[in-house]
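Novice: Can you look at this prediction? I've put the sequence above it.
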Amino acid sequence: MPSGGILHPHKPEFERFLHASVGEDRVGDAVTVFSALARLDLEPWEEAPALAALENEAAGSRLEMLLSQFRDVPALKQDYRLVARELIRLPERRERCATISGTVAKGPAMSSGVIWMVLAILFLAMQMVFAGAPGSGQ
């Protein structure tokens, strides 16, 4: 049976962090943490769990260093420390990361099992409906 991670291979607890804005670039487009990390030639889905594994102070320092190297958002030249500190404070960061090995890991497998069960019941119900239809067997 295929795992639940085929369609969504990345952990959802990092989406809020990765989609948070770091400012606007020179043409006025919003730049997210995801795009900033990608423009720095980093893999955002690898960097997010690495940051989450660090203590707040270390994660803040690492993110500050990364944002200080990012030149596509002019406002970050002065505000990279403030932006990094605000991003590290995202409320779900610590609580959601702490549950990775617990509840979150069990959720997709359990929900995919329920989906398969419902599909099997629907299939059997359709078999029973069509098996009793007139002209279905001679």
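Specialist: Received it, and whenever you're ready, just let me know what you need. Residues are numbered from 1 along each chain as shown.

Novice: Which parts of this structure are helices?
Specialist: The residue ranges that make up the helices of the chain, judged by DSSP state H, are 15-18, 33-39, 44-53, 56-69, 76-88, 92-98, 105-131.

Novice: Could you measure from Leu66 over to Ala125?
Specialist: As defined by C-beta to C-beta, to the nearest Å, Leu66 lies at a distance of 54 Å from Ala125. Glycine gets a C-beta too; all of them are placed from N, C-alpha and C.

Novice: quick one: which of those two has more around it?
Specialist: With neighbours defined as other C-beta atoms under 10 Å, Leu66 and Ala125 compare such that Leu66 has more, 19 against 10.

Novice: can you pull the contacts of the more buried one?
Specialist: The neighbours of Leu66, taking C-beta atoms under 8 Å, 6 or more residues apart in numbering as the test, are 36-37, 40, 42, 47, 84.

Novice: Now restrict the residues you listed to buried residues only.
Specialist: Buried members of those, counted by 16 or more other C-beta atoms under 10 Å: 36-37, 47, 84.

Novice: So which of those residues is the closest to Gln78?
Specialist: When the buried ones among the contacts of Leu66 are compared for distance to Gln78 (C-beta to C-beta), Ala84 wins out at 12.7 Å.
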